[in-house]
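Engineer: Got a predicted structure plus its sequence, pasted below:
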Amino acid sequence: MVTLNINGRDLQVDADPSTPILWALRDNLNMTGTKFGCGAALCGACTVHLDGNPIRSCITPIASAQGMKITTIEAMENDTVGKAVQDAWVKHDVPQCGYCQSGQVMSAVALLRTNKRPLDADIDNAMSGNICRCGTYQRIRAAIKDAATTLA
């Protein structure tokens, strides 16, 4: 048994300590908002926050998260920055297929927590590890700028 703090709650996970956070979330805790994309930390679909920093949960073992705070997409609607980003996502009609969006939102939230007025280059840098196969990058950038304005 491994105890993980997920979205502010200590939860018991019956899994091998080498199990990636992604699979503990999805398979053990039935938290399916975090998506599996590539399994090699290349696409960003599995992005969650670990002590506030965006990480790829498909390659991060649960053992390395003990004593740290994991935040998932499920917590974003009750988070000021997360809610602003999600509202901007809807306003700018960002998702098409939607598959990558939880990872995109988590990366955008992490950016706006550290940079209140990101420039295009800042957004491009922060979002560079997140792939959108539908190509909604222009709308993602516009939504991040809109969320930053809302939060200002």
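Structural biologist: Received the coordinates, thanks. Numbers count the residues shown, from 1 in each chain.

Engineer: For this protein, which segments are assigned as strands?
Structural biologist: 2-6, 9-13, 47-50, 53-56, 69-71 (DSSP state E).

Engineer: Could you identify which of those strands is most buried?
Structural biologist: The highest mean neighbour count among the strands of the chain, using mean count of other CB atoms under 10 Å, belongs to strand 47-50: a mean of 25. C-beta: built from backbone N, CA, C; applies to glycine.

Engineer: For residue 149, see how far away the residue nearest to residue 146 when sequence neighbours are not counted is.
Structural biologist: Nearest residue to residue 146, sequence neighbours excluded (CB to CB, 6 or more residues apart in numbering): residue 88, at 4.2 Å. Distance of residue 88 to residue 149, given as CB to CB, to the nearest Å: 9 Å.

Engineer: more crowded one of these two?
Structural biologist: residue 88 (25 against 11; other CB atoms under 10 Å).

Engineer: Let me know which of the strands of the chain is the nearest to residue 145.
Structural biologist: Taking CB to CB, strand 53-56 is the member of those nearest to residue 145, at 18.7 Å.

Engineer: Please list all residues in contact with the residue nearest to the spatial centre of the chain.
Structural biologist: Residue closest to the average C-alpha location in the chain (CA atoms, centre = their mean): residue 106, at 2.6 Å. By CB atoms under 8 Å, 6 or more residues apart in numbering, the contact list for residue 106 reads 47, 48, 49, 54, 71, 72, 73, 76.

Engineer: can you do 10 Å?
Structural biologist: By CB atoms under 10 Å, 6 or more residues apart in numbering, the contact list for residue 106 reads 33-34, 44-49, 54-55, 57, 71-73, 75-76, 82, 85, 130.

Engineer: Same question for residue 47.
Structural biologist: The neighbours of residue 47, taking CB under 10 Å, 6+ apart as the test, are 22, 34-35, 37, 41, 54-58, 72-73, 100, 102-110, 129-130.

Engineer: what's across from it in the sheet?
Structural biologist: Beta bridges link residue 47 to residue 56, judged by DSSP bridges.

Engineer: Roughly how far does residue 147 sit from residue 126?
Structural biologist: From residue 147 to residue 126 the distance is 13 Å (CB to CB).
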